[in-house]
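A.B. asks: Predicted model and sequence below, questions to follow.
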Amino acid sequence: IMGRYNWYKNENRIPSPYGNVASPSTSNSLPGASIQGRHTWTIGPRDLFEHHFVYGYSESGRTTPGAGFDPLQLGFAPSAVTGIRVPAFPAITANRLSPTGLAVLAVSSNRPEVYQYRAAFTRIRGNHTMKFGLDWRLLAGNIILQPPLAIGATNNFTGGPNPAAAALASGSGIADLLLGAASVTASIVPFEQVRRPYYGAFFQDEWRLNQKLTVTYGLRYNLELAFREKDSQYAFFDLNAASPIANRVPSLPGLRGGLTYPNGAVQRADRNNFDPRLGIAYQLNAKTVIRAGAGLFTHPAPTGLDTSTGFAQRSTSVFAAADNFTPLFNLQNPFPSGPLQPTGSSLGLATALGQNISAPLGTQRVSYSAQWSFDIQRQLPWGILVDLGYAANTAVNLYTPTNTVNFNQLGPDAQALGSQLLQVVPNPFAGVITDPTSLLSRPTVQRGQLLRPYPQFQNVFGNAIAAGHASYQAMQLKVERRFSQGLAVLFAYT
């Protein structure tokens, strides 16, 4: 029986230049711990049982001096911070003013955890040494990344004498800020609680057929489920689902595609992960051994599936009249009705219409590699051992980085139109897609946009798409010369 406990903590402290809550600095705390226990039981001269349990976590907590500060103390209306989970001193940038706070984040917390239990039973019977067992793991995490209110002031409103062509040295961002002529950006982010389980089972038999030939064979099964978010905030892109606006755009029949929010794992599990292995060792004579082996090895399930589109929202206030020169002086109450609130999954397939989308697919194969090798080992005179071999590895369904595969690209027939794709034509989505920040809400649109596979969106990027392939082959040579008293010289070449 064996047990162990480890604990550590790293503190990254960055000096606070202002010495108060407005300092644009951050501190990072990195605590972690692990505990493990192992038990080995010799049941008899030919039976052995071993199992162990492991738990560990590593936390990253980044905070600014202003974390926890209530912006209402600065005079903001309560509606300005509606929906913001963690209050903080605002990040202020203004012309001729040193910045305060960090616009990227006020609080960042990520606590990944891992649990594992593994058990294996070994039995020796005759010429067979058999081993079989189970492997269970659970990956978990709690994540929040909260930016503060971001306030931006230029010298646009205090420059002059002509606001349409202000002199370069005129005006002051500080003056604009004091007048209340500044923009405010509020970011609402989700709190994510994720879980991912893994189940594995394996069997292996080392069969010594005779004094010269040994065959090892086995089979492993892997089932790793995709991340499951506690509140079902993760989405995947369904390539074939009928679009809810299809009947409103008759000029583009058969519109399909959109974000889907499953009540469970964000990606359906690939349950076909059987990994067979085979190895052969044959002693040709007293000085020569031949070995060969082959096997399939399933890779871990992909990361980058945490797409929470719809559950995060960013709003920027309108701080000038239509002429862009007359300030509204609404810094105190930039969002009278509050910042835009996330729609969550309520819009379903209509979420983010007219926008760029980045999301995983709902179903795809898990990546795996096929490996095989062959080598001959020969004992030569003068204590020289030569090993000459061939090794190969082919990896299939390798995962692509985020925003690499664009499912909304024009096909070859459309690309053949060349410059005609840039023609401005009436937009059939006008009045259907009403998001004012989208190009697809305008009266006209480029012709090429309407020829895309999913014209109701702009770019549709896939996260961790199983589209890669890699191959490796090598000749390997090793020469070893052993001397007396443990001295040896080794030469290797690949």
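C.D. replies: Cool, got the structure.
A.B. asks: wait, residue 201 sits on residue 220?
C.D. replies: Yes: with contact defined as C-beta atoms under 8 Å, residue 201 counts as touching residue 220 (7.2 Å). The way it works is simple: take the backbone N, C-alpha and C, and place the C-beta from them, glycine included.
A.B. asks: If you count surrounding residues, which of these two has more?
C.D. replies: Set residue 201 next to residue 220 and count neighbours by other C-beta atoms under 10 Å: residue 220 wins out with 20 against 14.
A.B. asks: tell me the contacts of the more buried one?
C.D. replies: 200, 201, 202, 203, 274, 275, 277, 298 (C-beta atoms under 8 Å, 6 or more residues apart in numbering).
A.B. asks: quick check, nearest of those to residue 259?
C.D. replies: residue 298 (28.2 Å; C-beta to C-beta).
A.B. asks: Walking through the stretch 351-494 of the chain, point out its helices one by one.
C.D. replies: For the stretch 351-494 of the chain, the helices defined by DSSP state H, counting those that start in this stretch cover 412-415, 447-450.
A.B. asks: if you compare those helices, which one is most tucked away?
C.D. replies: Neighbour counts (mean count of other C-beta atoms under 10 Å) averaged over each of the helices of the stretch 351-494 of the chain peak at helix 447-450, with a mean of 18.
A.B. asks: Can you spell out which helices and strands pack onto that helix?
C.D. replies: Under the contact criterion of 3 or more C-beta pairs under 8 Å, 6 or more residues apart in numbering; DSSP states H and E, helix 447-450 touches strand 424-426.
A.B. asks: residues making contact with the strand it packs on?
C.D. replies: Residues contacting strand 424-426 (C-beta under 8 Å, 6+ apart): 443, 444, 445, 446, 447, 450.
A.B. asks: and the nearest residue to residue 12 once chain neighbours are set aside, bridged to which residues?
C.D. replies: Excluding its sequence neighbours, the residue lying closest to residue 12 (C-beta to C-beta, 6 or more residues apart in numbering) is residue 28, at 4.1 Å. Beta bridges link residue 28 to residue 12, residue 62, judged by DSSP bridges.
A.B. asks: out of the helices of the stretch 351-494 of the chain, nearest to residue 149?
C.D. replies: Taking the helices of the stretch 351-494 of the chain one by one with C-beta to C-beta, helix 447-450 is closest: 34.8 Å.
A.B. asks: Any figure for the gap between residue 464 and residue 309?
C.D. replies: 15 Å (C-beta to C-beta, to the nearest Å).
A.B. asks: Tell me which of these two has more neighbours.
C.D. replies: More crowded of residue 464 and residue 309, by other C-beta under 10 Å: residue 464, with 23 against 20.
A.B. asks: Tell me which residues touch the more buried one, please.
C.D. replies: 302, 303, 304, 305, 360, 399, 400, 402.
A.B. asks: do the same with residue 327
C.D. replies: Counting by C-beta under 8 Å, 6+ apart, residue 327 has contacts 157, 176, 179, 180, 181, 319, 320, 321.
A.B. asks: Restricted to helices, list these.
C.D. replies: Secondary structure from DSSP state H places 176, 179 of the contacts of residue 327 in helices.
A.B. asks: what's around the residue nearest to residue 442 when sequence neighbours are not counted, how many residues?
C.D. replies: The shortest distance from residue 442 to any non-neighbouring residue, by C-beta to C-beta, 6+ apart, is to residue 427 (6.0 Å). When neighbours are counted by other C-beta under 10 Å, residue 427 registers 19.
A.B. asks: Over to the one 5 residues further on?
C.D. replies: Summarising burial for residue 432: neighbours were counted as other C-beta under 10 Å, giving 16.
A.B. asks: Which pLDDT value belongs to it?
C.D. replies: What the model reports as pLDDT for residue 432 is 94.
A.B. asks: From residue 476, how far out is it?
C.D. replies: In this view, residue 432 and residue 476 are 62 Å apart by C-beta to C-beta.
A.B. asks: repeat for residue 457
C.D. replies: Using C-beta to C-beta, residue 457 is found at 49 Å from residue 476.
A.B. asks: Check residue 181 too.
C.D. replies: 71 Å.
A.B. asks: Which one's more surrounded, those two?
C.D. replies: For residue 181 versus residue 476, neighbours defined as other C-beta under 10 Å are more numerous around residue 181 (22 against 14).
A.B. asks: Leaving aside the residues adjacent along the chain, what's closest to the more buried one?
C.D. replies: residue 327 (3.6 Å).
A.B. asks: try residue 379
C.D. replies: Here the residue nearest residue 379, using C-beta to C-beta, 6+ apart, is residue 287, at 4.1 Å.
A.B. asks: Enumerate every residue touching that neighbour.
C.D. replies: 378, 379, 380.
A.B. asks: okay, these in CSV with distance to residue 208, pLDDT and neighbour count next?
C.D. replies: Listed next are those as CSV, based on distance: C-beta to C-beta, whole Å; pLDDT from 0 to 100; neighbours: other C-beta atoms under 10 Å:
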residue, distance to residue 208, pLDDT, neighbour count
378, 22, 92, 15
379, 21, 91, 13
380, 27, 89, 11
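A.B. asks: Show me those residues that map onto strands.
C.D. replies: 378, 379, 380 (DSSP state E).
A.B. asks: before we move on, the earlier item: possible to save the helices of the stretch 351-494 of the chain as a markdown table with distance to residue 224?
C.D. replies: Below are the helices of the stretch 351-494 of the chain laid out as a markdown table (distance: least, C-beta to C-beta, whole Å):
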| stretch | distance to residue 224 |
| --- | --- |
| helix 412-415 | 37 |
| helix 447-450 | 38 |
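A.B. asks: give the contact list for the closest residue to residue 226 other than its chain neighbours.
C.D. replies: In this structure, residue 226 finds its nearest non-sequential neighbour in residue 267, 3.6 Å apart by C-beta to C-beta, 6+ apart. Going by C-beta under 8 Å, 6+ apart, residue 267 touches 226, 227, 236, 305, 360, 361, 362, 363, 364.
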